[in-house]
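Undergrad: with the sequence up front, the predicted model follows.
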Amino acid sequence: MRIRLDFAYDGTDFSGWARQPGLRTVEQVLAAGLATVLRTEPPTLTVGGRTDAGVHARGAVCHLDVPEEVWRSLPGRSDRDPGQALVTRLRGVLPEDVVVRGAAVVPDAFDARFGALRRRYTYRLCDRPHLLDPLRRRDTVVTRRPLDVIAMDAAARSLVGLHDFAAFCRRREGATTVRTLLSYGWAREEDGTVVGTVEADAFCHSMVRALVGAVVPVGEGRRPADWPAAVLAGRQRDPGVQVMPAHGLCLEEVVYPSGEDELARRAAGARAVRVLPDRGR
């Protein structure tokens, strides 16, 4: 049976999502917890958004396949739903920096990675260090200069759309850097924190933190508002674009189609190599 897990984690003490020998990762910790509860070997987990070391998540999603008899046996003698039983049992074995919020059976067509319609991240900045909430120091990046949020927002919005984001991605052999940036904007919260929200169909490696690094110089007055768009058009990494620190970034939400047919179509479409309209059909 295919199971969807919704979970969250504080990424401070993790070396990212992906399992790595000798390192503490979210995948390793979550798989080990599942193995304990399910009384199986650590399952293979497919995640909707792979995060780097130090990045947090409130709305992470993954899927795994579980034998039906194992799933049905989870409630034991209680009248709980197997998903509720799994969540409760995981709470007893997982460390405090990982929380599984929900577990449910999904269609076989569900693919946490390729089935996602969009992913939403936030990034937190503080340009008034004397106002920084010390309880948020692990998810907020302090900047050296005051930020013009209106200028940052205008620069961010100029990047929205279907583009080749090679200038903001770490290239991988055989992987496309074409993405659809659905929205990108900045606003100052009531407590003075500057928060960026970025949403896309998918992101390539380091893309979100590079997108933030492209607009911070605009906010600081060191670059004009049209500079990030010029970097995008160049399709090459610009040394002026800093990949911002990981701890300011948080995966907030992964959205999926509702119907089984839509799930299958989305997964098939996402696996196809994307190109720009003027470079292929």
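TA: Cool, the structure landed.
Undergrad: what's the offset of the helix or strand containing residue 155 from the middle of its chain?
TA: Residue 155 is part of helix 149-157, with elements assigned from DSSP states H and E. Computed by Cα atoms, centre = their mean, to the nearest Å, the chain-centroid distance of helix 149-157 equals 22 Å.
Undergrad: same question, stretch 129-148
TA: Its chain's average C-alpha position is 22 Å from that of stretch 129-148, according to Cα atoms, centre = their mean.
Undergrad: residues in contact with it?
TA: Stretch 129-148 has contacts (Cβ atoms under 8 Å, 6 or more residues apart in numbering) with 10, 12, 56, 123-128, 191-194, 216, 218-221, 244-245, 247-248, 250. For every residue, glycine as well, the C-beta is placed using N, CA and C.
Undergrad: can you select the buried ones from the residues you listed in PyMOL?
TA: Selecting only the buried entries of those in PyMOL, with 16 or more other Cβ atoms under 10 Å as the criterion:
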select buried, resi 10+56+123+124+125+126+127+193+194+216+218+219+220+244+245+247+248+250
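Undergrad: list the beta-bridge partners for residue 98.
TA: Under DSSP bridges, the beta-bridge partners of residue 98 are residue 9.
Undergrad: change the start of the numbering to 48 and stick with it
TA: All right, first residue 48 from here; so that's residue 145.
Undergrad: distance of it relative to residue 90?
TA: Noted for residue 145: a distance of 15 Å to residue 90, by Cβ to Cβ, to the nearest Å.
Undergrad: compare the two (neighbour count), which wins?
TA: residue 145 (20 against 17; other Cβ atoms under 10 Å).
Undergrad: that one contacts residue 73, doesn't it?
TA: Yes - applying Cβ atoms under 8 Å, one finds residue 145 in contact with residue 73, separated by 6.6 Å.
Undergrad: shared neighbours, the two?
TA: Shared contacts of residue 145 and residue 73, defined by Cβ under 8 Å, 6+ apart, comprise residue 56.
Undergrad: now, the contacts of stretch 176-195 that are in strands?
TA: Per DSSP state E, strands hold the following members of the contacts of stretch 176-195: 103, 170-173, 241, 297.
Undergrad: can you tell me what sits against stretch 272-291?
TA: Taking Cβ under 8 Å, 6+ apart as the rule, stretch 272-291 contacts 170, 188, 198, 201-203, 205-206, 210-215, 253, 256-265, 270.
Undergrad: what ranges do the helices span in the chain?
TA: Here the chain has its helices, by DSSP state H, at 73-85, 115-119, 129-140, 196-204, 254-266, 274-281, 307-318.
Undergrad: coming back round to it: quick one: residues in contact with the helix holding residue 202.
TA: For helix 196-204, contacts defined as Cβ under 8 Å, 6+ apart pick out 231-235, 241, 243, 245, 258, 261-263, 265-266, 268, 272-276.
Undergrad: just the buried residues out of these, in ChimeraX syntax.
TA: The buried subset of these, as determined by 16+ other Cβ under 10 Å, is captured in ChimeraX by this line:
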select :231,232,233,235,241,243,245,258,261,262,263,265,266,272,274,275,276
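Undergrad: which residues does residue 94 contact?
TA: Here residue 94 is in contact with 64, 74, 107-109, 159-160 (Cβ under 8 Å, 6+ apart).
Undergrad: my read: residue 59 touches residue 294, true?
TA: Yes - judged on Cβ under 8 Å, residue 59 makes contact with residue 294 at a distance of 6.7 Å.
Undergrad: list the residues that contact both of those two?
TA: With Cβ under 8 Å, 6+ apart, residue 59 and residue 294 have common neighbours 101, 103, 185.
Undergrad: quick one: low-confidence parts of the stretch 98-247 of the chain?
TA: 221 (pLDDT under 70).
Undergrad: re earlier: and the shared contacts of residue 59 and residue 294 as CSV, adding distance to residue 307?
TA: As requested, the shared contacts of residue 59 and residue 294 are exported to CSV (distance: Cβ to Cβ, whole Å):
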residue, distance to residue 307
101, 36
103, 31
185, 39
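Undergrad: just name the closest of the residues you listed to residue 309, please.
TA: Relative to residue 309, the closest of the shared contacts of residue 59 and residue 294 is residue 103; by Cβ to Cβ it sits at 29.3 Å.
Undergrad: who is the closest one paired with across the strands?
TA: Beta-bridge partners of residue 103, counted by DSSP bridges, are residue 297.
Undergrad: do the same with the one 4 residues further on
TA: As for beta bridges, residue 107 partners with residue 54 under DSSP bridges.
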